[in-house]
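In: just a sequence and a predicted model for now, questions to come.
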Amino acid sequence: MMQVKGIRSISPYVPGEQPNFSDMIKINTNENAYPPSPAVLDTLKHFDGKSLSRYSSISNQKLKEALAKKYHLQSNQFVIGNGSDEILAFCMLAFFNSKEPILFPDITYGFYKVWADLFHIPYQEVPLKQDFRINFEDYNRFNGGILIPNPNAPTGIYEESPTIETLLKNNSDSVVIIDEAYIDFGGVSVIPLIEKYPNLVVVHTFSKSRSLAGLRIGYAISNPNLIQVLESIKSSFNPYSVDTLSEELSVSAVESQTYYLEINQKIQHTRELFAHKLNQLGFVVLPSKTNFVLTTHPKADMQALFEFLNEQHVFVRFFPTNKRLEQFFRISIGTDQEMLRVTQILEQFLAK
């Protein structure tokens, strides 16, 4: 093979597999178990396709105003992007330019490391405690910025707001990004702290609690000064990153608060029932405030169980190459019927 100079080598993010079976139970990528709100689907049905001949909005002002109304903030405190992954990329490009390494947990969302490598940002992965909680004392050192998911993935563990506030106080010279992708499944957002801490950026997504993973919309919330920096990065990269249809549907989603509150509470209820059943079957389940659980069974061959589940067209996330997680499954919470079927299959395997 011909060798060409200047080509980069990088390890990309590896998502959960995307199988396609009519009878499958797909609980490996933390998608919402329920469809978008009726208002979102109605907006889609009546969308004026002729508008697609024009470029989409650069400012995304309509969506910003809907979000500002929801959170009782100003529209200039939001920047909109093509999913929270893009927003996180903007944040890294905007705020993490120090020679000091940025800090994030060693067990967390795999894209953090990918972005840092891609943008040549020095970083240190801070080990989680033995119980998989974030060790916040380890973040009290020189750093070029901090990135914390809350709740964390794939652990599902949520840290209370006072703990996050202490982190902000102890790192007042660094931008602290709190990735709240799963906050609507039982946690309390730190958005109210933005007014008090000018170094705080909160990142949200429409992929999880708003049932729009296929749409690709995310946003950051902060003070207007930091948001302006993010807007400059966005305009330098792809000012049209949010398409017209996505913005219209997202506005309808923001305005469907009652619907999403109901389905996300239902997911939380199903999660607790499923976790209780796993405990009865001998599984160890980490406490979760997300739409998934991280679990293992001390007496089961988890590799064999993973293969057995696949044979039954049940797809969960397995981490055989991660030393601390090699015996764990991350199981997304589906409908009550789906989780009942999963429980039955687990019982069938354990009875063998």
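Out: Cool, the structure landed. Numbering: from 1, shown residues only.

In: Met92 and Ile121 touch, don't they?
Out: Yes: with contact defined as C-beta atoms under 8 Å, Met92 reaches Ile121; the gap is 6.0 Å. Quick note: C-beta positions are derived from backbone N, CA and C, even for glycine.

In: quick one, which of these two is more surrounded?
Out: Met92 (22 against 19; other C-beta atoms under 10 Å).

In: in which helix or strand does that one reside?
Out: In the assignment (DSSP states H and E), Met92 maps to helix 84-95.

In: next secondary structure after that helix?
Out: Next in sequence after helix 84-95, counting helices and strands by DSSP H and E, comes strand 102-105.

In: other residues contacting that next one?
Out: Contacts with strand 102-105, where a contact means C-beta atoms under 8 Å, 6 or more residues apart in numbering, come from 92, 96, 112-113, 116, 121-128, 134, 138-139, 141, 143-149, 152.

In: contacting residues for the closest residue to Asp42 other than its chain neighbours?
Out: Excluding the flanking residues, the one nearest Asp42 by C-beta to C-beta, 6 or more residues apart in numbering is Ser252, at 7.5 Å. By C-beta under 8 Å, 6+ apart, Ser252 lies in contact with Ser37, Ala39, Val40, Asp42, Thr43.

In: domains for this structure, by residue range?
Out: Following automatic domain parsing, one finds the domains of the chain at 25-36+258-350, 38-44+54-255.

In: okay, the ones you listed in JSON lines with mean pLDDT next?
Out: Below are the domains of the chain laid out as JSON lines (pLDDT from 0 to 100):
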{"stretch": "domain 25-36+258-350", "mean pLDDT": "97"}
{"stretch": "domain 38-44+54-255", "mean pLDDT": "97"}
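
In: and these: which comes nearest Pro19?
Out: With C-beta to C-beta, the closest approach to Pro19 among those belongs to domain 25-36+258-350: 5.6 Å.

In: so how far does that closest one reach from one end to the other?
Out: When the termini of domain 25-36+258-350 are compared using C-alpha to C-alpha, to the nearest Å, they are 19 Å apart.

In: list residues touching both of Met92 and Ile121?
Out: Any residue near both Met92 and Ile121 by C-beta under 8 Å, 6+ apart counts here, and that gives Ile102, Trp115.

In: one step back: of all the domains of the chain, which one is nearest Ser11?
Out: Comparing the domains of the chain against Ser11 with C-beta to C-beta, the closest turns out to be domain 38-44+54-255 (7.0 Å).

In: where is the longest helix in the chain?
Out: Counting residues, the longest helix found in the chain (DSSP state H) is helix 257-280.

In: so which elements touch that helix?
Out: strand 284-285, strand 292-296, helix 336-350 (3 or more C-beta pairs under 8 Å, 6 or more residues apart in numbering; DSSP states H and E).

In: distance from the first one to the middle of the chain?
Out: Between the mean C-alpha point of strand 284-285 and the mean C-alpha point of its chain there is a distance of 22 Å (C-alpha atoms, centre = their mean, to the nearest Å).

In: can you tell me which of the contacts of strand 102-105 are in helices?
Out: Met92, Tyr112, Lys113, Ala116.

In: now for those residues, which pair is the farthest apart?
Out: The largest separation in those, counting by C-beta to C-beta, is between Met92 and Lys113 at 11.1 Å.

In: OK, contacts around Val176?
Out: By C-beta under 8 Å, 6+ apart, Val176 lies in contact with Gly145, Ile146, Ile148, Leu167, Leu168, Tyr197, Asn199, Leu200, Val201.

In: recalculate using a threshold of 6 Å.
Out: With contact set as C-beta atoms under 6 Å, 6 or more residues apart in numbering, Val176 has these partners: Ile146, Leu168, Asn199, Leu200.

In: before we move on, back to that, got CSV for the domains of the chain, with distance to Ser11 too?
Out: What follows is those, written out as CSV (distance: least, C-beta to C-beta, whole Å):
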stretch, distance to Ser11
domain 25-36+258-350, 12
domain 38-44+54-255, 7
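
In: what about Arg324, which SS state?
Out: Secondary structure assignment for Arg324 (DSSP: H, G, I helix; E, B strand; the rest coil): coil.

In: so how far is Lys323 from the nearest residue to it once chain neighbours are set aside?
Out: Counting by C-beta to C-beta, 6+ apart, Arg324 lies nearest to Ile107, which is 6.3 Å off, once chain neighbours are set aside. Distance from Ile107 to Lys323, counting by C-beta to C-beta, to the nearest Å: 10 Å.

In: of these two, which one has the most company?
Out: Using other C-beta under 10 Å as the criterion, Ile107 and Lys323 rank with Ile107 on top: 20 against 8.

In: and for Arg330, the neighbour number?
Out: If you count neighbours by other C-beta under 10 Å, Arg330 ends up with 25.

In: actually, Glu347.
Out: Quick note: Glu347 (other C-beta under 10 Å) scores 12 neighbours.

In: check Asn143 too.
Out: Asn143 has 22 neighbours, counted by other C-beta under 10 Å.

In: contacting residues for Leu281?
Out: So Leu281 contacts nothing (C-beta under 6 Å, 6+ apart).

In: in the stretch 151-300 of the chain, mark out all the helices, start to finish.
Out: Under the criterion DSSP state H, counting those that start in this stretch, the stretch 151-300 of the chain contains helices at 161-170, 224-237, 244-254, 257-280.

In: deepest in the core, which of the ones you listed is it.
Out: Compared across the helices of the stretch 151-300 of the chain, helix 244-254 shows the largest average neighbour count, a mean of 21 (mean count of other C-beta atoms under 10 Å).
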